[in-house]
Structures are given as structure tokens and as C-alpha cells.
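S.K.: Here is a sequence together with a model predicted from it:
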Amino acid sequence: MAVRHRVPRLLLAGLAQREEEQIPEHTVEYTYGDTDSFQAEIEEFFTYAEVPELDECVAAFSAEYERGAWSGLEAKQQKAFIIEQLDHLESATLAVRTSALQRLLYYALGVFAECRDAEMQLAAIRRSALQLIALGAWPIVLQLFKTSCADSKGATLASSQLARLSADILYIMLCVAGETLAAPDSPDTACAKTFAADIGQDGVVAVLLLELLTAFKEGAWGIPAKKTVLMLWKTVLLTCGGLDAHRRAKIVAREAAALPGEFAPMTGAPVPPMKATPAPIVPLATLANAQTRVAAQEKTPDTSEVNLQTQTQPPAQPVKTPPMPKATPSDLKHFEEHVRGKYYGWRDPVTGEIGVPPSVREAMDVLQKHLYVSLSEKQLDAEIARVRTVRTTGAPVVNTRSGPVEELYEAMYPHMQGYMIAILRVLLAAAPVPQIAQPRKDDKQIHFTAELRLPDPNQSLADVAFDALDDQRLRETIVKGIAGTLLLLLKHFRVNHVLQEAHLATILCEARCSSLALKLLNRDLHAFVVQQNNMPSMDLFHFVGKWRTEPSEEPPQAPVCARNMHAVVSLLRVVQKIVKGNTNRVLVLVTEKSVIALKRCLQVSNPFVQLYALKILKMQVPYLGKGWRKSNMMILSRIDRLVRHRFHDGWFYDCQSDSAPPELKAESDAFQQIIATFNAAFYGPPEHSASDIYSALWLKSRLRLPGRFAINWAVSHAAAESTA
């Protein structure tokens, strides 16, 4: 069993003093969740260039009803008006369809001209969206959105107006349905569940949005890319569920597999800062006697160390308890084999019983207490056993998985690689630039002008700054939506079946997703998460305040940009999911010097950012060399305290060889063969049954016979020849 050596705290403080001066930290208060507030999510969907178009929606609605007349109508009259507008969406005249969409959008936004304040408008939005869902507006507006994107002939605000209006109504319905499902005692939960089941059936809506992104990547710039990305994110979030739904699904899957419950999660706990106050300079004599002082601390606490501990960790900062380690069944098996071979024939001097010493039995009890069997390992073992026994058992291979995640994977599988390449291409084009005034090299390839104003050489400097800010805000929102979508797909596919997540991770790895994500993070991350590319006076709920009876005041600026913080945490989690448990991918990160970007992430003192950055760093530590570890002792100390470890985890030590062992490629090829067979059996063409495909893989596999087989074969062959 591997022994983890303790590093003296005084020695650690002295070695890390120089590093603390190079890595300044900035405390950022942020709690990671599925989404931001309902109001913020609605406001981010509208660019500042299209917010003034809401005046046209008010004018189109006022042509039918005067201001204040809508609230005086009966529910039956309001319902008849909405049905009439839905019928107008099928008109052959463009003007009629546009006016109907403008009236429906004004209704979906809560008829804000008749609301007193923002709270009243938010309540009206929820009622309007649920009414639209109940009246069957989703399939009609979705079909119009699809047709408008296909018929778009330009990339301007005017040419994409029909597609943008349709997307606005669809997005509001998605947001309201998701918020209704999240509310524990909402009376409209049944309606929202039915709506989520309808749009998640066979993964049709998600595939449609992915196809639109693929068309946008290929040159259909009239498609509103930001709206499409956010609708895709909300669709996956609504149909498959968020982080809480994923946690519940994992518990159910573990119970179905007869596995114990999950260990306590590590996220959300406060992380003490890496640098609270400058550490004192430790004399060489103190460093020389550090081991003696540590031994003396076990009997009598040292006052100097207590003072040092008080200086480096203020009492006001909460202390995080170390996460509970895990032991796998293979760890327990190897430990038992080792101690049985070491203590073979050992006899207890008191009782005379043959066995192992009491301390070893106590260690085995500790391993049993922390034993954890992964759901993915059990699923993978079941697939390997199926390949071996399909010819002997003769039982038919049947897909017993069901649900929205299974339907989504089945719908995405035929063109999953193209979808992921399109998403990453849009992510690359939408990467927020550090300097807004700097021209982008890929502007000639992908444009987002369907949601932005076209540049005008005669516009003023104020208009230029306004357009640049709107462009940055759009790009940041796209990064947030794509990162959230990829994270949800990886997590839900892994719970549904580990090979589904492995297939998606392989595609993302081949498309250089982890490299792209780390390049986006390789910047002044603190400046990125606190910069406010917002104009509160142009936010939707503040802009429509001029129509309310009580005009709203300009909201104060938040200290942290929640949009950018969500994108940073999601990108880190996506990278960690892709490279986890794969040595080849970890070595790729080492060769690309991803440590530089990850150390920049540690500048942001937020528990979510630092936890996942440390997780990725932990995978690379064995390949970074002794010199790197010596100069980054504080990072290693934080990994040891904040990241969960295995009992046989040798992350602190060098790997046995400088290059990857030759068995890695063979294991990787065998694993990819299992993934290909799994996908071909359950999601491939129906020409062959799943049992035939697994049988073909078993026939192709090489049977490894024991070493004594050749000796016995030679002896029996010689005996047969002598008899003959």
C-alpha cells in the first residue's frame, strides 16, 4: 500500500513563498448552478441591437387593443385572440406572419405596457408562456422558426427578423417550463412535465437545433446562432434535467445495479485562499530541524507554528475538511494478495492462530469502509462479459435502456461527429477577444450579424463602442451556452451508459475540444470574470420600463459577471470529463503546456474554479517532473487537501517512464473496439442483430491461453507420436 509522506508546514511555507508572490489571488463570490436568475436568462437572450424592436411589438398589439384594454378582457376573449394569432402564422403573406409574431412576443413578455413593475411583468410572463404551451403554440412557432432559418437570404437584423421573433417566443416557453419544473409545489408542474416529454420525444428538437448550427457553420449566416445555442442548451436542460436531476438519476441507476449510495459531493465547500498574508521567511536552521520539530509536535504543539497557522489562515475564513478517500475493489484485492504473500505462515504469538497481524486486519477494515464501486466500471465489466459469453449463453442482446437521454443519444449518434465539430467551430469563432478594438482573424469565415447591427463608416464613436460591447456580450453568451450544453451531455450520457459518454468524449478529444477550452481560459481570468460587458439601461426589463406605469430605476452593476463565471466553471468541468481516466489525453495536455492556463485559473479564489482546475492539475503531476513539483509546493498542498484521492493513488510521484508504456495503445484500441461494437449493436443499421455483432467481435478476439498449455500440448503431442 502506497505511503503518503507528510510535508512539514514550515518547509512548505518557505518553498511556496516565492510562488505566492507570482500568483496573486482575487476572491470571487459565485455559486455555480444550472442557470442564472430567470430575469437574467431572458435578458441575455436579446441583444442590445434588437431590444428597440420591442416598440414595434407594442405598436402591432396596440393596433388591435388600446393600452390598458387587454387586462380588462375575459380569459375566454384573450384565449380566442391568441388562437387567432396562431392561425395567422400560417398565412402566405410575410407582413401578416410578422405582425402575428410581434403580438405573440408582446403577449409572451407579459404585456409589459400594462405592468406596474418588473415583478408584475415576470409573473405575467409565466402565465403567458404556460397559456401558449397549453394552446399548442410550440409546434406552430417551431415550424415557422425552422422555415425562416431555411429561407433566410441575408445576415442582417431585417432579414432575420422572422427567425428571431420565433426564437424569442420558443425560448420564453422553454425558460418558464424549466422554472416551473424546478419549483417544488407549483400547480403547473403537470403541464410543464408534459411539455418537456413532448419536446424530448425522440430528440427531434435537439437534433433540429444541432442541424441549424451545422448549417450556420457551413455559411448560413442568416441563422441567429446565439439564440440557437441557448435554445439547444435549454432544450437539453429541460428534457434531460440539470445537475440535481443528474444526481437523482445516478442514485437510481446505482440502486438498480445493486450498488451502495454515492459519496458526499465535494463541490460548494469554501476554499481557503492560497495567499492570506505574506508568509514569514524561514531561517535555514529552522528548515534543517523541520523533521525534528514535526516529530515534537505530536507530543507538544509548537507555538511558532500555531502563530504561523494563524497568520496564513485567518479565523474568519472557514476551513474545509478533507474529502473522504475512495478504495476500489481492485485496491482491496491487491492489498489482500500482498499481505497474504508477505505474512504467509504467520502465527499469532498469543492465540496461536494462523493469519495476518491485527494491524493488517484493521487496514483491511478501513479499505472495506471506504470501498466504492463505480457505476461506469460495472457497466463496462458487463459489456466485456457480454462479449465473452454471447456465444455460450445464446441469450438475445436487448437494449433495456429508455428515457429522454437514451432517445437523445440515439437521435444524435448517426451525425454526432458533425454536430460536435459544428458546435466547437461556433465556439472558436465566438471566443471573446481580450481587447475589443482588436480585429478578429476569423471574421471573414463566421459572422454573427444576424443578431447585431452592421458596421457603418459614418457612425459616431459612441455607436462604435455600443456595437463592440454588444458583440462581446453576444460572444460571451455563446461560450456560456455551448459549455453548459457539452457538460450536460457528458454527464447524462455517462449515467445512462459509460460507453455513450466515452464515444462523445472521443469525438470531442479528436476535435481538440480540451485544447480549445484551455486556450479560452489562458488569459487574465480575474479580469475576464469581473468585466461587465453590459449596459443596464439597454437590458430588456429596464428598457421596457418606460412603458410601465412605474418606471424602473437603473439596476446596480454586479461585482462579478455570472455569465463568464458559469462559462469558466463549465469549460473546466468539460476538460476534466474528457481527460479523466485516459493517460493518452493527459499526456496531450502536458505536451500542450496546459499548466500555464490552469495556474491562471487558480488566480480566481472561487471554490468551483479552483476545485476543477486542481483536479486537472492532479492528473498531470506525475508527468511534470521533480523540478516543477519542487517549485509548486503550494499547488500540491492544495491538491492534497481539497481533491479526493484513492488509497493507491500515486499522483505525487513520477511516472515509471518518461514515455507512455506500450500497453497504452493496445488498451486504447481495445476500448475503442468495445465502443464501436456497442454503438453498432444498439444504434447501427438494422441489417444485423446485436447478438450477431457481439458474436463477430468475439470471433475476432484472440484467446490468450496459459503458459503451461504449450508445455502440456507438446508433451501430449510427443506421447501421441511415440504411441503411433
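M.R.: Cool, the structure landed.
S.K.: Going by neighbour count, list what's buried in stretch 668-688.
M.R.: By 16 or more other CB atoms under 10 Å, the buried positions in stretch 668-688 come out as 668, 671, 674, 675, 677, 678, 679, 680, 681, 682, 683, 684. C-beta coordinates here come from the backbone N, C-alpha and C atoms, glycine included.
S.K.: Find the nearest non-adjacent residue to the third one, please.
M.R.: Okay, so that is residue 674. residue 383 (6.0 Å; CB to CB, 6 or more residues apart in numbering).
S.K.: Test my guess that residue 131 contacts residue 82.
M.R.: Yes. Using CB atoms under 8 Å, residue 131 is in contact with residue 82, at 6.8 Å.
S.K.: ok, those two, which is more surrounded?
M.R.: Using other CB atoms under 10 Å as the criterion, residue 131 and residue 82 rank with residue 82 on top: 20 against 17.
S.K.: which one is the more buried one nearest to, not counting chain neighbours?
M.R.: In space, and not counting its chain neighbours, residue 82 is closest to residue 135: 5.9 Å by CB to CB, 6+ apart.
S.K.: try residue 566
M.R.: The shortest distance from residue 566 to any non-neighbouring residue, by CB to CB, 6+ apart, is to residue 480 (5.3 Å).
S.K.: now swap in residue 162 and tell me
M.R.: Closest residue to residue 162 apart from its sequence neighbours, by CB to CB, 6+ apart: residue 148 at 4.2 Å.
S.K.: dump the residue contacts of that neighbour.
M.R.: Residue 148 sits next to 160, 162, 163, 166 when contact means CB atoms under 8 Å, 6 or more residues apart in numbering.
S.K.: wouldn't residue 508 be in contact with residue 515 here?
M.R.: No. Contact criterion CB under 8 Å: residue 508 and residue 515 do not qualify, at 10.5 Å.
S.K.: buried sites along the helix or strand residue 589 falls within?
M.R.: Residue 589 belongs to helix 583-591 when assigned by DSSP states H and E. Neighbour-count burial for helix 583-591 flags 583, 585, 586, 587, 588, 589, 590 (criterion: 16+ other CB under 10 Å).
S.K.: if you average pLDDT over that helix, what comes out?
M.R.: For helix 583-591, mean pLDDT rounds to 90.
S.K.: List just the nearest of the buried residues of stretch 668-688 to residue 42.
M.R.: Nearest to residue 42 out of the buried residues of stretch 668-688 is residue 683 (CB to CB; 36.5 Å).
S.K.: Against residue 478, how distant is the closest one?
M.R.: Between residue 683 and residue 478 the distance is 29 Å, computed by CB to CB, to the nearest Å.
S.K.: now do residue 173
M.R.: To residue 478, residue 173 is 21 Å away according to CB to CB.
S.K.: before we move on, back to that, please name the residues that touch the residue nearest to residue 82.
M.R.: For residue 135, the contact set (CB under 8 Å, 6+ apart) comprises 79, 82, 83, 86.
S.K.: Buried among those residues? Make that a ChimeraX selection.
M.R.: Selecting only the buried entries of the contacts of residue 135 in ChimeraX, with 16+ other CB under 10 Å as the criterion:
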select :82,86
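S.K.: would JSON lines of the contacts of residue 135 with secondary structure be doable?
M.R.: Putting the contacts of residue 135 into JSON lines (DSSP: H, G, I helix; E, B strand; the rest coil) gives the following:
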{"residue": "79", "secondary structure": "helix"}
{"residue": "82", "secondary structure": "helix"}
{"residue": "83", "secondary structure": "helix"}
{"residue": "86", "secondary structure": "helix"}
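S.K.: a markdown table for the contacts of residue 135, including pLDDT and distance to residue 527?
M.R.: Output for the contacts of residue 135, formatted as a markdown table (pLDDT from 0 to 100; distance: CB to CB, whole Å):
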| residue | pLDDT | distance to residue 527 |
| --- | --- | --- |
| 79 | 92 | 51 |
| 82 | 93 | 47 |
| 83 | 94 | 51 |
| 86 | 94 | 47 |
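S.K.: Using a markdown table, lay out the contacts of residue 135 together with distance to residue 624.
M.R.: Converted to a markdown table, the contacts of residue 135 look like this (distance: CB to CB, whole Å):
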| residue | distance to residue 624 |
| --- | --- |
| 79 | 65 |
| 82 | 62 |
| 83 | 65 |
| 86 | 61 |
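S.K.: name the helices or strands packed onto the helix holding residue 589?
M.R.: Judged by 3 or more CB pairs under 8 Å, 6 or more residues apart in numbering; DSSP states H and E, helix 583-591 is in contact with helix 513-521, helix 562-579, helix 607-620, helix 663-683.
S.K.: Show residues contacting the last one.
M.R.: The set of residues external to helix 663-683 that reach it, using CB under 8 Å, 6+ apart, is 380, 383-384, 387, 397, 399, 409-410, 413-414, 497, 499, 502-503, 506, 582-584, 690, 693-694, 697.
S.K.: Thanks again, I'm all set now.
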